[in-house]
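In: the sequence isn't on hand, but the structure is:
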Ligand code: DLL
């Protein structure tokens with residue numbers, strides 16, 4: 001029934017029609033979810049045993065939340081609702097323990113996600129005439145590959161550059177006359193500072209737009225990126241549990257991100273008591289994916305804090321807009337676009353020989369990039385001035401951290417008792433950014 005509408009018509013659905021579409025899709029997702037033991041128990045606990053038990057979209061509020069811990073606890077296949085043979089891809093994000101949270105995609109799931117990406121790129125004014133340089137990491141992280149397929153489907157000339165190697169990025173930009181880039185905001189600023197030192201000239205580039213996301217950034221950072229490059233920068237929000245990028249995207253008006261409500265149910269709840277909040281109030285974003293049959297996730301607590309921006313957007317799209325992400329309710333750190341949990345660092349350093357009892361994770365700005373410094377005490381038996389041993393220990397910590405969190409921090413050793421100790425809970429993270 002819905003397939004008789006074009007994607008642009010769906011984007012303009014009035015509120016009532018959009019809710020009707022959500023209900024149809026939600027019921028379908030509930031029947032998929034009921035194929036997993038995890039959701040049979042969760043939904044069963046509130047009397048939902050069949051999709052026909054859902055009669056209104058508001059019934060969603062009866063259902064208990066799903067959390068990252070649930071995803072981790074059901075690793076590896078507990079949330080898989082499709083036949084394993086129909087799965088064509090997986091993505092994963094890192095977590096506080098060794099277990100990643102895994103999302104599966106069937107071909108039709110990927111098609112649905114790709115369509116949202118096409119829609120998002122079009123909303124920012126991209127077309128098949130653009131040359132798209134994708135500087136997000138390709139891999140289990142959804143940032144690179146996620147936008148790649150949509151850009152191709154739109155007919156853009158795609159350069160799958162992935163992240164890093166700034167000099168090569170400039171060479172590609174110049175030689176292939178890139179018009180649209182996709183990167184984290186921090187990398188965009190880093191790029192700018194490297195143009196001259198690496199012997200390039202902004203005048204030789206043809207960039208018009210940047211899609212920026214995957215990490216928090218302020219309006220000032222966006223403005224800075226726009227002014228430095230003389231381009232438009234569009235905020236893009238997503239998370240691997242809901243597919244990845246293209247959950248919410250700014251349109252050409254750059255006044256908040258349209259959260260694609262035909263494909264996701266959007267709720268904002270009070271971050272303390274988890275009750276639903278009206279539009280305009282800051283709270284935790286809770287999302288339900290309506291378009292993924294393989295891994296149905298209902299009422300996922302994103303931990304991201306934002307609000308729905310009340311009112312209509314001049315572009316005419318009816319999907320409500322969320323404001324930029326103000327922060328998270330948990331302690332995940334985002335360092336140059338990479339998600340890091342303090343416990344991942346602790347896990348590595350605390351298993352090393354000669355490490356003392358106290359450590360701190362310090363994050364500060366070095367120029368425009370984030371710098372991670374691990375300050376740790378070492379036991380007195382490792383002679384503080386035996387530089388050979390200390391260098392070996394430092395290198396080992398750096399190497400293991402690079403393997404686990406993909407960042408190589410600066411390590412500072414201290415004699416026992418030199419680091420501050422608190423009366424109550426230890427303050428391990430000092431974020432000076
Ligand atoms: O970061 C997906 C993505 C890739 C989005 C590329 C946009 C562009 P995860 O690695 O699972 O997925 O991290 C998701 O990153 O819960 C937010 O805390 C944060 N985040 C993502 N986009 C934004 C943004 C991808 N635009 C987590 N502003 C989310 C602020 C963002 N934070």
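Out: Cool, got the structure. These figures come from a predicted structure and were not determined experimentally. Residues are numbered from 1 along each chain as shown.
In: what does the stretch 151-300 of the chain have sitting close to the ligand?
Out: With CB under 6 Å from any ligand atom as the criterion, the stretch 151-300 of the chain meets the ligand at residues 213-216, 235-240, 244-245. Yep, even glycine has a C-beta here, placed from its N, CA and C like the rest.
In: would you list these in JSON lines and tack on secondary structure and neighbour count?
Out: What follows is these, written out as JSON lines (DSSP: H, G, I helix; E, B strand; the rest coil; neighbours: other CB atoms under 10 Å):
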{"residue": "213", "secondary structure": "strand", "neighbour count": "30"}
{"residue": "214", "secondary structure": "coil", "neighbour count": "27"}
{"residue": "215", "secondary structure": "coil", "neighbour count": "19"}
{"residue": "216", "secondary structure": "coil", "neighbour count": "15"}
{"residue": "235", "secondary structure": "strand", "neighbour count": "22"}
{"residue": "236", "secondary structure": "strand", "neighbour count": "26"}
{"residue": "237", "secondary structure": "strand", "neighbour count": "22"}
{"residue": "238", "secondary structure": "strand", "neighbour count": "26"}
{"residue": "239", "secondary structure": "strand", "neighbour count": "22"}
{"residue": "240", "secondary structure": "helix", "neighbour count": "22"}
{"residue": "244", "secondary structure": "strand", "neighbour count": "26"}
{"residue": "245", "secondary structure": "strand", "neighbour count": "28"}
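In: what's the farthest-apart pair in these?
Out: 235 and 240 (18.0 Å; CB to CB).
In: give me the low-pLDDT residue ranges for the stretch 101-250 of the chain?
Out: Within the stretch 101-250 of the chain, not a single segment meets pLDDT under 70.
In: the strands in it, which residues?
Out: Ranges of strands within the stretch 101-250 of the chain are 101-106, 131-134, 157-159, 180-183, 209-213, 232-239, 244-250, based on DSSP state E, counting those that start in this stretch.
In: could you dump the ones you listed to CSV with distance to residue 150?
Out: Below are the strands of the stretch 101-250 of the chain laid out as CSV (distance: least, CB to CB, whole Å):
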stretch, distance to residue 150
strand 101-106, 14
strand 131-134, 10
strand 157-159, 10
strand 180-183, 10
strand 209-213, 10
strand 232-239, 11
strand 244-250, 7
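In: looking at those, which is closest to residue 141?
Out: Across the strands of the stretch 101-250 of the chain, closest to residue 141 is strand 244-250 (CB to CB), at 8.1 Å.
In: residue 351 - how many residues pack around it?
Out: Per other CB atoms under 10 Å, the neighbour tally for residue 351 reads 9.
In: cool, and residue 192?
Out: When neighbours are counted by other CB under 10 Å, residue 192 comes out with 16.
In: residue contacts, it?
Out: Residue 192 makes contacts with 225, 228-229, as judged by CB atoms under 8 Å, 6 or more residues apart in numbering.
In: the longest strand in this protein is where?
Out: strand 355-366 (DSSP state E).
In: contacts for it?
Out: 333, 335, 342, 345-346, 349-350, 370-379, 414, 416-417, 419-421, 426-433.
In: name the residues of it that are buried.
Out: 355-356, 358-363 (16 or more other CB atoms under 10 Å).
In: now swap in stretch 79-93 and tell me
Out: Quick answer for stretch 79-93 (16+ other CB under 10 Å): 79-82, 87, 91-93.
In: wait, residue 185 touches residue 223, no?
Out: No - using CB atoms under 8 Å, residue 185 makes no contact with residue 223, being 10.9 Å away.
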